[in-house]
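Colleague: Please find the sequence and the predicted model below.
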Amino acid sequence: MKRRFTLFILLMTTIGFIFSGCQQTTEEQVANDIIAQEHDRAKMVTPPSNTKVQQQQQNTLEDYVTEYADHFGYYLMEAAHELEALAPFYRGGQTVRMNEPEARERLRELHAWTKSMLVKDTPSEFQGVRNVLESLEIELNTVTNLHDELVSNPTSGNRARTKVHFENAVSNLKQVERAYLTVLDNEGLY
């Protein structure tokens, strides 16, 4: 009898499990659960990064920095050449090989070119170089103004002030060049 009672309990438990399993949700509820799980999974899992796109963006940025560095290097070379050509006119005591209108024109072109370099979009790596370039632009502006004053009133005081600001411009160009070379070295651009 005990055995029958155990068998009866076992049979009832099995039937209970079967009936509870038969009361599953409808197909619509199952589909909604699957959609909800996929939606939750999409929130939790970030899509894998596209390294090719990231590399292209990085290469584009590096290309822009390299292009800017090349353009700035060309500017520095030409600016140094122009200041060297203008030196006899402003330093005096040497044979002046250029006349006043030519000196004024070269100075204005250099000043305009410097302004155009300041207007260009500057990469963050070259922001410090740009700050030093601003001081060069101020000195070139002062030399340009003093040049006009020197032409209209060629006194020794005007010549001395023009010479001082011209020398400041030369010194500032050297500072810009040092800052530029430091950035090239730090960024590994050669």
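Modeller: Perfect, I can see it now. Numbers count the residues shown, from 1 in each chain.
Colleague: what domains does the record give for this structure?
Modeller: Domain assignment for the chain by automatic domain parsing gives 2-44, 51-187.
Colleague: Can you say which of those domains is packed in most?
Modeller: Highest mean neighbour count among these (mean count of other C-beta atoms under 10 Å): domain 51-187, with a mean of 15. In this view, the C-beta of every residue, glycine as well, is placed from N, C-alpha and C.
Colleague: which residues touch the closest residue to residue 137 other than its chain neighbours?
Modeller: Spatial nearest neighbour of residue 137, excluding adjacent residues (C-beta to C-beta, 6 or more residues apart in numbering): residue 114 at 4.8 Å. With contact set as C-beta atoms under 8 Å, 6 or more residues apart in numbering, residue 114 has these partners: 75, 79, 133, 136-137, 140.
Colleague: follow-up on the earlier one: which of the domains of the chain has the lowest mean pLDDT?
Modeller: Of all the domains of the chain, mean pLDDT reaches its minimum on domain 2-44 (a mean of 68).
Colleague: re the thing from before, just the ones in helices from the contacts of residue 114, please.
Modeller: Residues from those lying in helices, with DSSP state H as the criterion: 75, 79, 133, 136-137, 140.
Colleague: quick one: which of the residues you listed is nearest residue 91?
Modeller: Within these, the smallest distance to residue 91 is 16.1 Å, found for residue 140 (C-beta to C-beta).
Colleague: which stretches of the chain form strands?
Modeller: For the chain, no strands are identified by DSSP state E.
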